[in-house]
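Enquirer: Please work out how this folds:
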Amino acid sequence: MKKKINNGFLYVASLDKIFLTAARYSATSLKDYWPEAHVTLFTHEEWVKKEDYELFDNIITRDVPNHPRAKLWALDKTPYKLTCYIDADTVIQHSNIKNIFKQFKKSSDITLTRARAYSASIDPTFSEGELTDHCGLFIYNDKSRTLNFMKNWWKLFNKQIQGKWQWDTRKYPEYFRQFDMWTYWWLQNKTDLKIKRSFFSKPDAIWNFIYNYKDEETEGKDIVVHHQPVPRSEMS
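Expert: The predicted model follows:
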């Protein structure tokens, strides 16, 4: 069995080639600040260009699903002991990216940034709580329980979007159906698959600064990762 590398970044580009373009841009910005960083890309073989092998240290194409949340499929297949999953539509803006793995709390299995309700496209609150954990950038370990959680995140999300999983809409909004943050919340709060989670140190927003966050979220510190959705093309 191939020995795992200690730390690395994981990008996923599927469904639309715009995500691969974005991942190339993001990974380039990452390497500009941290040339030694190890980066894995999950995507489709027919999309890969020769120069991608110069940018990404590891490219995996076998069986990658053409799916809007292919990232969930890829998470448990990480080649790293400690993985920073990062959405493709991000840009690295500061050399402090070299310190991102220091944000991982060793007492936990996953470390995330907190979502801001004011920046969400939907109301994230419901009778039992709120979707607080942002799933666009996070660090997780390779313990068996963590990888099992990731596998089930993928499985349950598919049931969710296919309508095979129904819930009490008096308690949980139906409009949550398209969001993997909802699947994550359910697994963490309603099943025995729960893993230990923690959050990036304050100001956590600098590590995953969503395009419509307020400037005061940075508390005067430099933004390390800027996150902004890319326009979807007609390509698939």
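Enquirer: does K71 sit in a helix or strand, and which one?
Expert: Using DSSP states H and E, K71 maps to helix 70-75.
Enquirer: and the next element down the chain from that helix?
Expert: Counting by DSSP H and E, what follows helix 70-75 is strand 80-86.
Enquirer: what helices or strands is the helix holding K71 leaning on?
Expert: strand 5-12, strand 39-42, strand 80-86, helix 144-161 (3 or more CB pairs under 8 Å, 6 or more residues apart in numbering; DSSP states H and E). Yep, even glycine has a C-beta here, placed from its N, CA and C like the rest.
Enquirer: what about this protein, any weak spots by pLDDT?
Expert: By pLDDT under 70, the low-scoring segments of the chain are 1-2, 232-236.
Enquirer: Do a quick rundown of the helices in the chain.
Expert: Here the chain has its helices, by DSSP state H, at 17-33, 52-55, 70-75, 144-161, 180-190.
Enquirer: Mean neighbour count, those: which tops it?
Expert: helix 70-75 (a mean of 23; mean count of other CB atoms under 10 Å).
Enquirer: residues in contact with that one?
Expert: 10, 12, 14-15, 42, 60, 64-65, 67, 83, 85, 87, 140, 147, 150, 153-154, 157, 180 (CB atoms under 8 Å, 6 or more residues apart in numbering).
Enquirer: could you redo the last one with a cut-off of 7 Å?
Expert: With CB atoms under 7 Å, 6 or more residues apart in numbering as the test, helix 70-75 has contacts from 10, 12, 14-15, 42, 64-65, 67, 85, 150, 153-154, 157, 180.
Enquirer: What of stretch 182-189?
Expert: In contact with stretch 182-189 (CB under 7 Å, 6+ apart) are residues 131, 133, 135, 149, 152-153, 156-157, 160, 176, 193-194, 197.
Enquirer: possible to save these as a markdown table with distance to Y184?
Expert: Listed next are the contacts of stretch 182-189 as a markdown table, based on distance: CB to CB, whole Å:
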| residue | distance to Y184 |
| --- | --- |
| L131 | 8 |
| D133 | 6 |
| C135 | 6 |
| F149 | 9 |
| N152 | 10 |
| W153 | 6 |
| L156 | 9 |
| F157 | 9 |
| Q160 | 11 |
| F176 | 11 |
| L193 | 11 |
| K194 | 11 |
| R197 | 9 |
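Enquirer: Using PDB, write out every CA atom in the helix holding K71.
Expert: C-alpha atoms of helix 70-75 as PDB (Å, rounded to 0.1, in the frame of the first residue of the first chain):
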ATOM      1  CA  ALA A  70     -18.400  15.100  -6.600                       C
ATOM      2  CA  LYS A  71     -16.400  16.500  -3.800                       C
ATOM      3  CA  LEU A  72     -18.200  14.300  -1.300                       C
ATOM      4  CA  TRP A  73     -17.400  11.200  -3.300                       C
ATOM      5  CA  ALA A  74     -13.700  12.200  -3.300                       C
ATOM      6  CA  LEU A  75     -13.200  13.100   0.400                       C
END
